[in-house]
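J.: take a look and give me a structure for this.
(chains A and B)
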Amino acid sequence: MSDLNQNMIEKYRNSFLKEVEANVEEGEWVKMCMQCGVCSGSCPLGKHWAHPPQEIFMMIRAGQREAVLSSDAMWMCTSCYNCIVRCPRELPITHIMHGLAHYARRLGLAPKGQPTMAFAQIFWDNMMKAGRVNELKLGLSLYYKDGFVQGIKNSLANMKLGQNMIKAKRMNAVEFFGGHGVKDVSGLQKMIRKAQELEDARIAKYGK
Amino acid sequence: MSAEKKLVGYLCTGCGIGDRLDAKQLLSTAKREGKLQECKQHEMLCNAEGVKMIKDDITEGATHIMIAACSRRAKVEAFNFPEAAMTRANLREGVIWVRPATDENGETTQEMAEDYIRMACAELRTINKPSSSGEQSLNKNILVVGGGVTGMTASLEAAAAGYPVTLVEKSGALGGHAALLHKRVPHRAAAIGTTNSRTADLPQPVDNNVAELITRIESAGNISVQLNSTVAKTSGAPGRFSVEIATASGPTISADFGAIIQASGFKPYDAGQLGEFAYGASPDVVTNLELEQLAKEAGNGPIRRPSDGKEVQSVAFIQCAGQRSEREAHLPYCSGFCCTTSIKQAIYFKDQNPGCDATILFDDLRTPGAAGEDFYRAGQQKMVTFSKGKATEVVPGSSLLVRFQDLILNEATEITCDLVVLATGIVANSGPDPYAQLAFDEAAEGSSEKETLRKALEVAPPSILNLSYRQGTDLPHLRHGFTDSHFICFPYETRRTGIYAAGPVRRPMDIQQAMDDAAGAAMKAIQAVENAGLGRAAHPRSGDLSFPSFRKEGCTQCKRCTVECPFGAINEDDKGYPLYNEARCRRCGTCMGACPVRVISFENYSVESVNQQIKNCNIPDEFAEKPRVLVFACENDAYPALDQASMSGRELTPWARVIPVRCLGSINLSWITDSLNSGYDGVVLMGCRRDDDYQCHFVRGSAIAAERMSKVGDTLSSLNLEPERVALYEVAITDIERAPKLINDMADTIARIGQSPFKF
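T.: Just a heads-up that it's a prediction; the model follows:
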């Protein structure tokens, strides 16, 4: 991962903008931003971001590579699409945010323990086991991601919610023991591995 | 002539006038007090039958007609009788629509109507039908001064309309600054339906059109080009300008012209003032105009930097260099073309070498014109970096360091580059401000003011038109050396009638705007030629045949009219008397207001014609408790605002009597003193906004009126009257709520301070 990072630094010594254009999904739109700030003003979580979208675009142009890629700003995007709807230049801002987050993770620069990223990994691992998401285990993994003591605290805090869900048959405690899955799990896993191979090959060839 | 005077009145009873007012009484007032030979009543005067009745009467000898109906601004097509002198009593907008239709108001409403009839009749007795002076002459030749894009376009437009043009250019070639450009900014937007995609087909820099313009000039047939020539002397007036053209090689050419277009363009801002950006210290810091030269030399190959001929791999553009800044020697204004010019120049670099870094440091990016935003996107599409930042310093060296404040990230930062381009602005290429010379001439000898003015005059540019006018050699300036005209209402009209300014001498602009401007000025010049041929006024009283004349026996040669005329229309003759040039006159009457001995008048507008209106309004004695508020409303904005207020149902005090005036500048102080002396309780003057952001249709009229009125306090105190009895307001045409309120406020003031002691 960090080799890739070094390679990219070498390759795009002058222009982080060009790097983004070549490697980030929808990154070629970044240059078209006209810095009006409507995206930042429209983002419902904007004030909690270290760098709202407009600023991220400006940082990319200013070549602030480390600051952008190690930022947790783009991980904060909830895909509400307000920015896309409102951007006067019609930039796919939501997609660019996810593209940047994904690229930062590929380079190993994403902030360690970033909750959105951690949850995404938990979700993926959970789903790959049986080919279906085991909601009970997904919830528990999330509660216990920061250790056993914090996990107990989280569980107790949400006990009432869990009980109600069981009562309403929205959750089944038996799922804890194995749970149900797709018919051919190994077939699915094989399929996903192939898809990953194809994607890696494409990234190696085209950058994204 | 006076023996054959036949005065006829017409009373319209339509639009509710007949229902609200006692028509019989009004007819008798017009005949007995108005002294009309005859007064007819009609139920709808503006219909074909009514108009025919008036026309028939004129054919049968009526020379003066008084129409008592609607506002003088209404039904102007129907009531158009150029064969007779005409006045109008405003009974509809002026009376019945501003007063509530209740019984208790009936008496005051009727009084108001009768007063307006008396006033219209009195005015009618003092005026005559205007006819042109007989001095007019039609000369279709147009002189264009300046052979840049503006001048060439103006010449082509006028020539295409059939008006022969003489184009005078100071240098040895046509084309001006535009000829120095490698390419120009596109003028067309992206095609309709172009999607907002990253690969959209957006407008790109286009080839310079100067050569094409020159070819068209040469093949036009009715355009005579004088290169290496200047205007040595201009005298006369629209329709009969007599011009001497000095040529470098041959003799002076004398020619006559109907109108003149000044397209003297601009001078580039002196970048030598920009030491902080290392201009002069490093040859690799160039202005936008100098970069065009580098690009031209490079052809379509790599642009090389001046110091060592290295191919430029990175370039920074500093926007607003020495512009939009209050610092000394900087330009306080935006030059309007530099943002798109820098985008164009950045594309030069990108087109020739996509790997070249081009950064534009801007504060506010403004891209006027049809291509504007699309052209900005074209730059972005080519990976030009747009950074919102304010450059603070350029450090010279083998590689230049540009320090700037990033305004988005809010941090001081820097970039290095091979070449820095300063987006510098333009300075108007005007002649000297004529009023600077006048102010100098009039300043007291030996005063410090005179010294300051003398220093300013020393650095004044040479004259361009060399007008032999009493009021100086060139077109007056508004601000920063740009020609005075109103940027919305009359952009091409200068303060010298028949001389039109176009292009960047008028305001900062780009090539496309200059071409549009040139077409506009050419149209105005043609209009001026035709008007002058018929002896008619130009804007804003276009078509007016009346002109000012003066009674020589009464003139004291005080020269106030020659100084105060906003348009420099009045010269002096050998004996020191004013010498009117009707065709230069805009008919505002500022001279009439200026004259202390009241000898200046128009056929249909004079000190006497207004005085008679003032006198013939009935002033009830103090026990009647019916005060009178005299309102002088400028016919351009204030009077229409009052009409509009009336149409939208605003109420006006029954004590108001409104007299429309051509301009507040035409108000003679004697009207104020006479009205106060004869028992009016208050006087309200309503004119247009004045001074720098003026809306005055005669540019200076409103300001001159305000200056005169500042001295009215002495008059009031000598009469022992409260200063609140006279009020001067700036009223815009949109002040529909405010205009009647100001008059009603005066009525309230009178109720508070009491009626005038001068009632008989």
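J.: would you mind measuring from the residue located most distally from the centre of chain A to A:L136?
T.: Within chain A, A:K167 marks the point farthest from the mean C-alpha position, 33.2 Å out by C-alpha atoms, centre = their mean. Here A:K167 is placed at a distance of 15 Å from A:L136 (C-beta to C-beta, to the nearest Å). No exception for glycine: its C-beta is placed from N, CA and C like everyone else's.
J.: could you do B:L401 as well?
T.: For B:L401, the distance to A:L136 under the criterion C-beta to C-beta works out to 61 Å.
J.: who has more neighbours, these two?
T.: A:L136 (19 against 16; other C-beta atoms under 10 Å in any protein chain shown).
J.: and chain A, which residues reach chain B?
T.: Along chain A, the residues adjacent to chain B under the rule C-beta under 8 Å from any C-beta of the partner chain are A:14-15, A:17-18, A:21, A:28-29, A:31-32, A:34-35, A:54-55, A:58-59, A:61-62, A:64, A:89-90.
J.: can I have the buried ones of these as a ChimeraX selection?
T.: Entered in ChimeraX, the line below selects the buried ones among those, by 16 or more other C-beta atoms under 10 Å in any protein chain shown:
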select /A:15,17,18,21,28,29,31,32,34,35,54,55,58,59,61,62,64,89
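J.: restricted to helices, list the residues of chain A next to chain B.
T.: Where the residues of chain A next to chain B overlap with helices, as defined by DSSP state H, the overlap consists of A:17-18, A:21, A:54-55, A:58-59, A:61.
J.: and for residue 194, the neighbour number?
T.: I went with chain A, as the question did not name one. With other C-beta under 10 Å as criterion, A:K194 counts 10.
J.: can you look at chain B instead?
T.: Around B:T194 sit 14 other residues, with neighbours defined as other C-beta under 10 Å.
J.: check B:I659 too.
T.: The tally of other residues near B:I659 (other C-beta under 10 Å) stands at 21.
J.: so it: helix, strand or coil?
T.: For B:I659, the secondary-structure state derived from DSSP: H, G, I helix; E, B strand; the rest coil is strand.
J.: isn't it up against B:V631?
T.: Yes - checked against C-beta atoms under 8 Å, the pair B:I659 and B:V631 is within contact range at 6.9 Å.
J.: end-to-end on stretch B:199-216?
T.: 37 Å (C-alpha to C-alpha, to the nearest Å).
J.: which SS state does B:L742 fall under?
T.: Reducing the assignment to helix, strand or coil with three-state DSSP, the entry for B:L742 is helix.
J.: may I ask you to name the longest helix in chain B?
T.: Chain B, longest helix under DSSP H: helix B:511-534.
J.: quick one: buried residues of that helix?
T.: B:511-515, B:517-533.
J.: which helices and strands does the helix or strand that B:A706 is a member of pack with?
T.: In this structure, B:A706 sits in helix B:701-709 according to DSSP states H and E. Helices and strands touching helix B:701-709, as assessed by 3 or more C-beta pairs under 8 Å, 6 or more residues apart in numbering or on different chains; DSSP states H and E, comprise helix B:590-594, strand B:682-687, strand B:726-730.
J.: indicate which one of those is closest to chain A.
T.: strand B:726-730 (37.1 Å; C-beta to the nearest C-beta).
J.: how about that closest one as PDB, C-alpha atoms only?
T.: Backbone C-alpha positions of strand B:726-730 (Å, rounded to 0.1, in the frame of the first residue of the first chain) are rendered in PDB as follows:
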ATOM      1  CA  VAL B 726     -39.200  75.800   0.400                       C
ATOM      2  CA  ALA B 727     -38.000  72.200   0.000                       C
ATOM      3  CA  LEU B 728     -35.900  70.600  -2.800                       C
ATOM      4  CA  TYR B 729     -36.100  66.800  -3.300                       C
ATOM      5  CA  GLU B 730     -34.500  64.300  -5.500                       C
END
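J.: got the contact list for it?
T.: The set of residues that contact strand B:726-730 without belonging to it, under C-beta atoms under 8 Å, 6 or more residues apart in numbering or on different chains, is B:664, B:672, B:676, B:682-690, B:702, B:705-706, B:709, B:712, B:716, B:742, B:746.
J.: let me see the backbone angles for the nearest residue to B:A69 once chain neighbours are set aside.
T.: With C-beta to C-beta, 6 or more residues apart in numbering or on different chains as the criterion, B:A69 has its nearest non-adjacent residue at 3.6 Å, and that residue is B:C12. B:C12 has phi and psi values of phi -90, psi 140 when expressed as degrees, to the nearest 10.
J.: how many neighbouring residues does A:R106 have?
T.: Counted with other C-beta under 10 Å, residues neighbouring A:R106 total 18.
J.: A:D184 now?
T.: By other C-beta under 10 Å, the residues close to A:D184 number 11.
J.: helices along the stretch 101-250 of chain B, start to end?
T.: Secondary structure of the stretch 101-250 of chain B (DSSP state H, counting those that start in this stretch): helices located at B:106-126, B:149-160, B:210-219.
J.: ugh, wrong one, I meant chain A
T.: Under the criterion DSSP H, chain A carries helices at the ranges A:2-11, A:16-23, A:38-42, A:53-61, A:65-69, A:82-86, A:93-106, A:115-130, A:135-143, A:148-157, A:159-167, A:185-206.
J.: tell me how far the longest one is from the chain's mean position?
T.: In terms of C-alpha atoms, centre = their mean, to the nearest Å, the gap separating the centre of helix A:185-206 from the centre of its chain is 19 Å.
J.: any residues touching it, and which ones?
T.: Applying C-beta under 8 Å, 6+ apart, the set of residues contacting helix A:185-206 is A:106, A:128-131, A:182, A:208.
J.: buried set for the helix holding B:A706?
T.: By neighbour count, and taking 16+ other C-beta under 10 Å as the criterion, the buried residues in helix B:701-709 are B:701-706, B:708-709.
J.: just the C-alpha atoms of that helix, please, in PDB.
T.: Written as PDB, here are the backbone C-alpha positions of helix B:701-709 (Å, rounded to 0.1, in the frame of the first residue of the first chain):
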ATOM      1  CA  GLY B 701     -29.400  70.700 -14.300                       C
ATOM      2  CA  SER B 702     -30.500  69.200 -11.100                       C
ATOM      3  CA  ALA B 703     -27.100  69.900  -9.400                       C
ATOM      4  CA  ILE B 704     -27.100  73.500 -10.600                       C
ATOM      5  CA  ALA B 705     -30.600  73.900  -9.200                       C
ATOM      6  CA  ALA B 706     -29.500  72.600  -5.900                       C
ATOM      7  CA  GLU B 707     -26.600  75.000  -5.900                       C
ATOM      8  CA  ARG B 708     -28.900  78.000  -6.600                       C
ATOM      9  CA  MET B 709     -31.400  76.800  -4.000                       C
END
